[in-house]
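Visitor: Generate coordinates for the sequence data below:
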Amino acid sequence: MSILPFLAAGWIFLIGVYGMVTSRNLVHAVGCLAVAQTSTYVLLLGIGYRRGGTAPVFSDIPVGTAVVDPVVQALVLTDVVVGATVTALLLSLVIQIRKRTGTVDPEALTDLKG
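Guide: Model prediction:
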């Protein structure tokens, strides 16, 4: 098992979090959140990978053949759908914030302070 996918997932996550922390624009922050979430795709695919494994189609392969874990693939597809939905929802909220306040700068949103 290689450690490279796990390092890549960590690096992508750190890039996304750094972008969110340093962002001066809500649209940019939502984009960075989407980048951070893509690290989970890499992490899940790294977990489910098997060296020498084939696709998990069991109709034409002999018993005992190594296959890639189909559950992890289903989780990645679910993660992609959830990520797209969350990104769309957050971008729609940013549009509403822009309409109501006239800015997308988080520091300038004084109406939201408690």
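Visitor: alpha carbons only for contacts and neighbour counts from here, please
Guide: Fine.
Visitor: how far does stretch 80-98 sit from the chain's center?
Guide: Stretch 80-98 sits 13 Å away from the centroid of its parent chain (C-alpha atoms, centre = their mean, to the nearest Å).
Visitor: And stretch 95-112, by the same measure?
Guide: The chain centre lies 25 Å from the centre of stretch 95-112; the measure is C-alpha atoms, centre = their mean.
Visitor: Packing partners of the longest helix along the chain?
Guide: In the chain, with assignment by DSSP state H, the single longest helix is helix 70-101. Counting contacts by 3 or more C-alpha pairs under 8 Å, 6 or more residues apart in numbering; DSSP states H and E, helix 70-101 is packed against helix 26-48.
Visitor: in the helix it packs on, what's buried?
Guide: Residues of helix 26-48 classed as buried by neighbour count (16 or more other C-alpha atoms under 10 Å): 26-27, 29-47.
Visitor: I'd say T40 and A9 touch.
Guide: Yes: contact criterion C-alpha atoms under 8 Å: T40 and A9 qualify, at 6.8 Å.
Visitor: can you tell me how far the nearest residue to G10 once chain neighbours are set aside sits from S2?
Guide: The shortest distance from G10 to any non-neighbouring residue, by C-alpha to C-alpha, 6 or more residues apart in numbering, is to S39 (6.9 Å). The gap separating S39 from S2 is 16 Å, by C-alpha to C-alpha, to the nearest Å.
Visitor: Equivalent analysis for V94, please.
Guide: According to C-alpha to C-alpha, V94 stands 40 Å off from S2.
Visitor: More neighbours: the two, which one.
Guide: Legend: neighbour count by other C-alpha atoms under 10 Å for V94 and S2, higher for V94 (18 against 10).
Visitor: shaky segments in the chain?
Guide: Along the chain, segments meeting pLDDT under 70 span 1, 58-59, 111-114.
Visitor: Nearest the middle, which residue of it would you pick?
Guide: The residue lying closest to the centre of the chain (C-alpha atoms, centre = their mean) is Q37, at 2.0 Å.
Visitor: just checking, it touches L14?
Guide: No: when contacts are counted by C-alpha under 8 Å, Q37 is not listed as touching L14 (10.6 Å).
Visitor: quick one, phi/psi of T54?
Guide: With angles defined as degrees, to the nearest 10, T54 sits at phi -110, psi 180.
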